[in-house]
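[1] output the structure for:
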Amino acid sequence: MKKLREAISSALMLSHCAFVESAEQALMHFTLNDPSELLLSSNQCLIRMIPAILGACGSVSSLLIMSSERFQASRNIPTYESSSKMSGMKLVALHICITFVGVFGSACMYHFPTRVAHCTIFSVDGKPTQTVVTVCEILNCCENHIFTQTALFLSEFFTICFYIQLLKGNKLRYISQESLKMSLTEKYQLSENIRVLRLLLPVVISHTSITMAGAIGFFIFELVGFNKELYPIFENQFTLRSKRLTDCKIYAVNMASGDELVAAYDREIKRGC
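    As a prediction, this is how the structure comes out:
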């Protein structure tokens, strides 16, 4: 059920982004007087990308807030069940603040040197600053190459380690001598913590794995340092298999002889007809 809710939230976020972009594009088509007006400024791109940036910041910080809630539940077992709604509202306020701080920081660093035809979440001029801001550990390897571990990576790594430690701590507490002195309410709350942490752990692992895969991909891309002139080499890697299949067919025809060659030419002639 938790994964289903996350999938629905992601679909709604993408739908919102597509709706905002399509609506602005349709308005531009109706009002433009010159084809060059299809090129977008930094502010126009930022308006289109804000839903995606908001969703990314909210998604990354959500699990961190959930781990904080489980920490409070594990720490305040005698009183957590009777706690007021204010504690939950504080976590919601903290989540909103973290999300908007991330969006505000991204907006301040969002700028393109010229008008562009395609908007991206990370802008050209803001990318170096954003990389420096999100870096937690920097080691200069050589010119234009840096070894980075981003706050995103560390946040997700901390979350999964925190969940595992909470689950282990609650299990040890449940089988320890301390549990014998607990009331029925406290034992119920402790077993409920273990149950919830067990349910959430697969979600945390899958979410963290996906986020870390993106962070590691960004790290590799920055470490290799692809320049503009090397982009075609990077893109050709995705079409290497289809090119190899085409080359094999050409080699098979060129190396054919006798009846094989005649049959190959017949196939090509019939295909042309």
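
[2] my guess is residue 54 contacts residue 103, does it?
    Yes: using CB atoms under 8 Å, residue 54 is in contact with residue 103, at 5.4 Å. Where you see a C-beta, it was placed from the backbone N, CA and C, and this is true even at glycine.

[3] got the residue ranges for the helices in the chain?
    2-31, 42-75, 77-80, 85-108, 126-134, 151-175, 184-224, 231-236, 240-254, 259-272 (DSSP state H).

[4] for residue 118, find the nearest of those.
    Among those, helix 42-75 comes nearest to residue 118, with 8.7 Å by CB to CB.

[5] mind listing what's buried along that closest one?
    42, 44-46, 48-68, 70, 73-74 (16 or more other CB atoms under 10 Å).

[6] what pLDDT does residue 176 get?
    In this prediction, residue 176 carries a pLDDT score of 80.

[7] so it versus residue 169, what's the distance?
    10 Å (CB to CB, to the nearest Å).

[8] the two: who's more crowded?
    Set residue 176 next to residue 169 and count neighbours by other CB atoms under 10 Å: residue 169 wins out with 16 against 10.

[9] wait, the more buried one sits on residue 77?
    No: applying CB under 8 Å, one finds residue 169 not in contact with residue 77, separated by 11.5 Å.

[10] contacting residues around residue 208?
    63, 156-157, 159-160 (CB atoms under 8 Å, 6 or more residues apart in numbering).

[11] and with 6 Å instead?
    156, 160 (CB atoms under 6 Å, 6 or more residues apart in numbering).

[12] with residue 121 instead?
    Taking CB under 6 Å, 6+ apart, one finds 49, 52 in contact with residue 121.

[13] check the gap between it and residue 71 for me.
    31 Å.

[14] any idea how the chain splits into domains?
    2-225, 232-273 (automatic domain parsing).

[15] and the pLDDT at residue 65?
    83.

[16] with adjacent residues omitted, what lies nearest to it?
    residue 95 (4.5 Å; CB to CB, 6 or more residues apart in numbering).

[17] residues near the one you found, how many?
    So residue 95, with other CB under 10 Å, has 18 neighbours.

[18] now do residue 113
    For residue 113, the neighbour count with other CB under 10 Å is 9.

[19] quick check, residue 98 in contact with residue 60.
    No: here residue 98 does not reach residue 60: they are 8.9 Å apart, not a contact under CB atoms under 6 Å.

[20] in the chain, what spans have low per-residue confidence?
    Residue ranges of the chain with pLDDT under 70: 1-18, 20-21, 24-25, 28-29, 35, 37, 79-84, 122-153, 214-241, 272-273.

[21] switch to 50 and redo it
    132-149 (pLDDT under 50).

[22] alpha carbons only: can I get stretch 181-200 in PDB?
    Output in PDB follows, covering the C-alpha atoms of stretch 181-200 (Å, rounded to 0.1, in the frame of the first residue of the first chain):
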ATOM      1  CA  LYS A 181       9.000  -4.200  33.500                       C
ATOM      2  CA  MET A 182       6.900  -2.600  30.800                       C
ATOM      3  CA  SER A 183       3.100  -2.200  30.900                       C
ATOM      4  CA  LEU A 184       0.900  -3.700  28.300                       C
ATOM      5  CA  THR A 185       0.500  -0.400  26.600                       C
ATOM      6  CA  GLU A 186       4.300   0.100  26.400                       C
ATOM      7  CA  LYS A 187       4.800  -3.500  25.100                       C
ATOM      8  CA  TYR A 188       2.100  -2.900  22.400                       C
ATOM      9  CA  GLN A 189       3.800   0.300  21.400                       C
ATOM     10  CA  LEU A 190       7.200  -1.400  21.200                       C
ATOM     11  CA  SER A 191       5.800  -4.200  19.000                       C
ATOM     12  CA  GLU A 192       4.000  -1.700  16.900                       C
ATOM     13  CA  ASN A 193       7.300   0.100  16.300                       C
ATOM     14  CA  ILE A 194       8.900  -3.200  15.200                       C
ATOM     15  CA  ARG A 195       6.000  -3.900  12.800                       C
ATOM     16  CA  VAL A 196       6.000  -0.500  11.200                       C
ATOM     17  CA  LEU A 197       9.700  -0.500  10.800                       C
ATOM     18  CA  ARG A 198       9.600  -3.900   9.200                       C
ATOM     19  CA  LEU A 199       6.900  -2.600   6.800                       C
ATOM     20  CA  LEU A 200       8.800   0.600   5.900                       C
END
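
[23] fine by me, thanks again.
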